[in-house]
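**Q** Compute the structure for the input listed below.
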Amino acid sequence: MKIGTFIVFERDSFETKISDMKAKGFDNFQLSSWNPKDFTDENAAFIKQTIEKYSVEISAFWCGWEGPCVWDFYDGQVTIGLVPPEYRRMRMDTLMAGADFAKKFGVTDVITHMGFIPENPNDPNFVPMCAAIRAIAAHLKQNGQYLLFETGQETPVTMLRCFEKVGADNLGINLDTANLILYGRANPVDALDVFGKYVRNMHAKDGKYPTNGHDLGEETKIGEGKVDFKALFTKLHELGYDSYVTIEREISGDQQIEDILASRKYLQDIITEVYGQSF
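**A** Below is the predicted model:
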């Protein structure tokens with residue numbers, strides 16, 4: 001089990017971020033970019049050179065996409081991911097280009113938010129969306145890569161149904177432990193009963209359930225929200241999960257760093273107890 005952090009790619013500050021991360025005792029991270037203009041051979045070579053220089057690993061590439069994106073229960077339905085038909089083709093192209101980019105620096109897992117996947121399988125948008133995901137998965141398959149859905153906008157059963165409909169063998173899940181709660185979709189521990197075998201990567205994050213029908217719940221420091229991390233890791237251990245744990249804290253500044261370091265200690269203690277692993 002490896003505990004890492006989350007880094008957004010910016011060419012000018014990338015090496016500084018890696019150096020700071022390494023100085024704080026982390027040796028792995030998820031890399032994120034929402035800008036297709038960054039997906040160049042030059043940047044790929046630079047990323048590969050930098051991670052080799054600092055002897056760190058990229059656990060996955062989190063690939064964003066262009067166009068509007070609103071993180072709530074109303075506008076989010078028509079702006080996030082591959083669900084909105086008007087943005088689908090553009091975002092498909094971006095995800096495939098991002099996967100090609102990630103391949104150049106040796107990353108196998110490509111993550112994104114698919115959006116508010118229709119819960120009703122009879123929704124006319126469900127089958128076309130699954131066809132789009134199938135096409136992306138086929139492209140990644142040629143690269144020897146996996147396409148990972150980050151949990152959030154959909155219930156666990158809806159995600160499972162989408163996997164079944166797509167029918168690709170290179171689909172997986174990036175389990176964001178807080179998102180299932182922030183979106184009011186599920187308890188992440190119980191969600192593992194539905195889709196646990198597909199989890200290939202995870203965001204360790206905490207939060208609270210929504211308190212109104214418009215806005216997501218509140219993200220919190222790990223240990224201060226509703227995620228039962230001991231129960232979570234106990235179930236992950238039973239499922240045979242022994243991969244990356246990426247701490248994500250969606251604030252900025254000194255408090256973010258403070259919370260990430262405190263979260264690492266919190267998670268290390270639990271993982272040591274559950275897995276018998278020392279850090």
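**Q** check contacts around Leu182.
**A** 152, 207-210, 216-219 (C-beta atoms under 8 Å, 6 or more residues apart in numbering). (C-beta placed from N, C-alpha, C; glycine too.)
**Q** Can you list phi and psi of Glu250 for me?
**A** phi -90, psi 60 (degrees, to the nearest 10).
**Q** Share the number of residues neighbouring Ile270, please.
**A** Using other C-beta atoms under 10 Å, Ile270 has 20 other residues around it.
**Q** How about the one 3 residues further on?
**A** Taking other C-beta under 10 Å as the criterion, the count of residues near Glu273 is 12.
**Q** Please apply the same query to Phe61.
**A** 25.
**Q** Can you tell me the SS state at it?
**A** Following DSSP: H, G, I helix; E, B strand; the rest coil, Phe61 is assigned to strand.
**Q** My guess is it contacts Asp109. True?
**A** Yes: in this structure Phe61 lies within contact range of Asp109 using C-beta atoms under 8 Å: 7.2 Å.
**Q** Which single helix of the chain contains the most residues?
**A** helix 254-275 (DSSP state H).
**Q** what about that helix, distance to the chain center?
**A** Taking the mean of its C-alpha atoms, helix 254-275 sits 18 Å from the chain's own mean (C-alpha atoms, centre = their mean, to the nearest Å).
**Q** Give me the contact list for that helix.
**A** Outside helix 254-275, the residues that reach it (C-beta under 8 Å, 6+ apart) are 1, 3, 5, 24-26, 204, 221-223, 229-230, 233-234, 237, 242, 245, 247, 249, 251, 277-279.
**Q** Which of those are buried, as a PyMOL select command?
**A** Selection of buried members from those for PyMOL, criterion 16 or more other C-beta atoms under 10 Å:
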select buried, resi 1+3+5+26+204+221+222+229+233+234+237+245+247+249
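**Q** Quick one: end-to-end length of stretch 57-71, please.
**A** 30 Å (C-alpha to C-alpha, to the nearest Å).
**Q** circling back: in strands, which of the contacts of Leu182 appear?
**A** 207, 219 (DSSP state E).
**Q** For the strand or helix carrying Asp190, which residues meet the burial criterion?
**A** If you go by DSSP states H and E, Asp190 is part of helix 188-195. For helix 188-195, a neighbour-count test (16+ other C-beta under 10 Å) marks 188-189, 191-192, 195 as buried.
**Q** List the buried residues for stretch 131-151?
**A** 132-134, 136-137, 139-140, 143, 145-151.
**Q** Among these, name the ones in strands.
**A** Using DSSP E, the buried residues of stretch 131-151 in strands are 146-150.
**Q** of these, closest to Thr40?
**A** Leu147 (21.9 Å; C-beta to C-beta).
**Q** contacting residues for the closest one?
**A** Counting by C-beta under 8 Å, 6+ apart, Leu147 has contacts 95, 99, 110, 112, 133, 136-137, 140, 168, 170-172.
**Q** would you list those in JSON lines and tack on pLDDT and distance to Thr272?
**A** Listed next are the contacts of Leu147 as JSON lines, based on pLDDT from 0 to 100; distance: C-beta to C-beta, whole Å:
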{"residue": "Leu95", "pLDDT": "98", "distance to Thr272": "37"}
{"residue": "Ala99", "pLDDT": "98", "distance to Thr272": "35"}
{"residue": "Val110", "pLDDT": "98", "distance to Thr272": "31"}
{"residue": "Thr112", "pLDDT": "98", "distance to Thr272": "32"}
{"residue": "Ile133", "pLDDT": "98", "distance to Thr272": "37"}
{"residue": "Ile136", "pLDDT": "98", "distance to Thr272": "38"}
{"residue": "Ala137", "pLDDT": "98", "distance to Thr272": "36"}
{"residue": "Leu140", "pLDDT": "98", "distance to Thr272": "35"}
{"residue": "Ala168", "pLDDT": "98", "distance to Thr272": "36"}
{"residue": "Asn170", "pLDDT": "98", "distance to Thr272": "32"}
{"residue": "Leu171", "pLDDT": "98", "distance to Thr272": "31"}
{"residue": "Gly172", "pLDDT": "98", "distance to Thr272": "26"}
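**Q** All good on my end, thank you.
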